[in-house]
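Novice: what shape does this take:
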Amino acid sequence: MSVVAVVVTFRPDGDCAELVSELARQCDDVVVVDNGSGPETAQQLSATCHAAGAHFVPLDENVGIAAAQNIGIEVADSLGADFVLLSDDDSLPSPGMVEGLVHAIEEDPLIAATGPLPAEDREGGDQLVYCARTWGPKRAHPEELEQERLDVAFLIASGCLIRLEALKVIGPMNGAMFIDHVDLEWGLRARQLGHRLVCVPSIGLHHSLGDEVVQLPNRPQPIHVHAPFRNYYILRNTISLIKRDLMPVPWRIRYAYWAAKYIVFNSVLVDRLPERRRMLARGLADGIRGRMGKLKN
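Specialist: I've put the predicted structure just below:
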């Protein structure tokens with residue numbers, strides 16, 4: 001069984017040498033797709049890939065995380081991959097992670113993808129595992145994370161091992177979404193077709209998110225504060241998912257309620273409010289109208 005890692009980079013901190021080297025040790029091949037970071041970064045990444053024996057695909061512009069993943073997956077397929085391991089440039093797999101995920105995915109042909117337990121590398125960081133509840137995906141409870149295998153609503157992209165045969169049935173990542181909720185949307189499609197998505201909590205993944213966080217009173221989990229342009233994509237893509245039939249009705253109601261809270265929080269309680277309000281207004285309008293793709297200036 002061949003495993004090919006697909007790493008998507010966008011203006012990474014450093015040359016990603018540690019990540020690429022670790023993936024090269026654990027996988028049969030590594031494909032790095034740089035999403036238009038610029039000539040200087042591309043040169044650094046090219047040198048990293050050459051040293052590790054990895055394949056480097058530089059893109060002239062930022063085509064979005066979903067499209068970049070699809071490009072990398074196509075390369076992985078051409079290399080004879082049976083499984084594709086997706087990775088962001090801000091993650092680092094634990095030793096033996098890939099072997100453990102392959103072992104888990106081979107237990108059941110209905111498992112389309114397996115993933116580790118991703119934890120943010122910051123004080124009070126969240127464990128990013130989401131189980132299907134009545135009113136939508138919710139964080140896994142501590143006792144659930146003690147299980148050997150845990151069926152989940154979706155898997156975050158970084159560290160996700162996908163069965164290529166299943167991916168060809170489910171379809172590629174949705175390039176029209178550009179960024180945000182791409183992994184959720186793909187997971188919804190997978191589960192709608194009867195596939196399983198499984199987390200292996202005993203396997204760790206170091207994951208570093210660059211977002212600022214705000215801790216509100218009486219709320220155990222911090223709230224992530226994204227850049228204003230991300231406010232656009234998050235709100236627009238949330239509305240797009242609500243309009244589709246991928247989610248049960250209670251989930252759609254919950255996400256509509258969440259979108260309303262998201263608008264209020266980012267319009268009132270954080271910084272750069274005029275810019276955020278413009279982005280939120282555009283995201284709301286484009287989501288309702290069905291305008292997808294890259295945000296136009």
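
Novice: quickly find the element holding residue 137.
Specialist: Using DSSP states H and E, residue 137 sits within strand 136-139.

Novice: same question, residue 259
Specialist: Following DSSP H and E, the helix or strand that holds residue 259 is helix 249-268.

Novice: quick revisit: which neighbours in the sheet does the following helix or strand past the strand holding residue 137 have, and how are they oriented?
Specialist: Where DSSP H and E defines the elements, the next helix or strand beyond strand 136-139 is strand 150-151. Under the criterion DSSP bridges, strand 150-151 sits next to strand 196-207 (antiparallel) in its sheet.

Novice: can you list the buried residues in the partner strand?
Specialist: 196, 197, 198, 199, 200, 201, 203, 204, 205, 206, 207 (16 or more other C-beta atoms under 10 Å). In short, each C-beta sits where N, CA and C put it, glycine included.

Novice: beta partners for the third one?
Specialist: Pointing back at residue 198 there. Going by DSSP bridges, residue 198 forms beta bridges with residue 114, residue 151.

Novice: mind listing what it touches?
Specialist: Contact analysis of residue 198 by C-beta atoms under 8 Å, 6 or more residues apart in numbering lists 104, 105, 111, 113, 114, 115, 149, 150, 151, 152.

Novice: if you rank the residues you listed by neighbours, which is first?
Specialist: residue 115 (32 neighbours; other C-beta atoms under 10 Å).

Novice: quick check: the residue nearest to it when sequence neighbours are not counted vs residue 104, distance?
Specialist: Nearest residue to residue 115, sequence neighbours excluded (C-beta to C-beta, 6 or more residues apart in numbering): residue 155, at 3.8 Å. Between residue 155 and residue 104 the distance is 12 Å, computed by C-beta to C-beta, to the nearest Å.

Novice: mutual contacts of those two, please.
Specialist: Residues within reach of residue 155 and of residue 104 at once, by C-beta under 8 Å, 6+ apart, are residue 114.

Novice: columns distance to residue 226 on top of the buried residues of strand 196-207, output as TSV?
Specialist: Formatted as TSV, the buried residues of strand 196-207 follow (distance: C-beta to C-beta, whole Å):
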residue	distance to residue 226
196	30
197	24
198	28
199	24
200	28
201	27
203	28
204	25
205	21
206	21
207	16
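
Novice: determine which two of those are furthest apart.
Specialist: Spanning the widest gap among the buried residues of strand 196-207 are 196 and 206, at 25.3 Å by C-beta to C-beta.

Novice: circling back: now do the buried residues in the helix holding residue 259.
Specialist: 251, 252, 254, 255, 259, 262, 263, 265, 266.

Novice: can you lay out those as JSON lines showing distance to residue 97?
Specialist: Shown next, in JSON lines, are those (distance: C-beta to C-beta, whole Å):
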{"residue": "251", "distance to residue 97": "30"}
{"residue": "252", "distance to residue 97": "34"}
{"residue": "254", "distance to residue 97": "32"}
{"residue": "255", "distance to residue 97": "31"}
{"residue": "259", "distance to residue 97": "34"}
{"residue": "262", "distance to residue 97": "32"}
{"residue": "263", "distance to residue 97": "37"}
{"residue": "265", "distance to residue 97": "34"}
{"residue": "266", "distance to residue 97": "34"}
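
Novice: now pLDDT and distance to residue 282 too, for those, in JSON lines please.
Specialist: Shown next, in JSON lines, are the buried residues of helix 249-268 (pLDDT from 0 to 100; distance: C-beta to C-beta, whole Å):
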{"residue": "251", "pLDDT": "97", "distance to residue 282": "25"}
{"residue": "252", "pLDDT": "97", "distance to residue 282": "22"}
{"residue": "254", "pLDDT": "97", "distance to residue 282": "24"}
{"residue": "255", "pLDDT": "97", "distance to residue 282": "19"}
{"residue": "259", "pLDDT": "97", "distance to residue 282": "14"}
{"residue": "262", "pLDDT": "96", "distance to residue 282": "14"}
{"residue": "263", "pLDDT": "97", "distance to residue 282": "12"}
{"residue": "265", "pLDDT": "93", "distance to residue 282": "17"}
{"residue": "266", "pLDDT": "94", "distance to residue 282": "13"}
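
Novice: rewinding a little: okay, now the residue nearest to residue 115: neighbour count?
Specialist: Counted with other C-beta under 10 Å, residue 155 comes out at 28.

Novice: lovely, talk soon.
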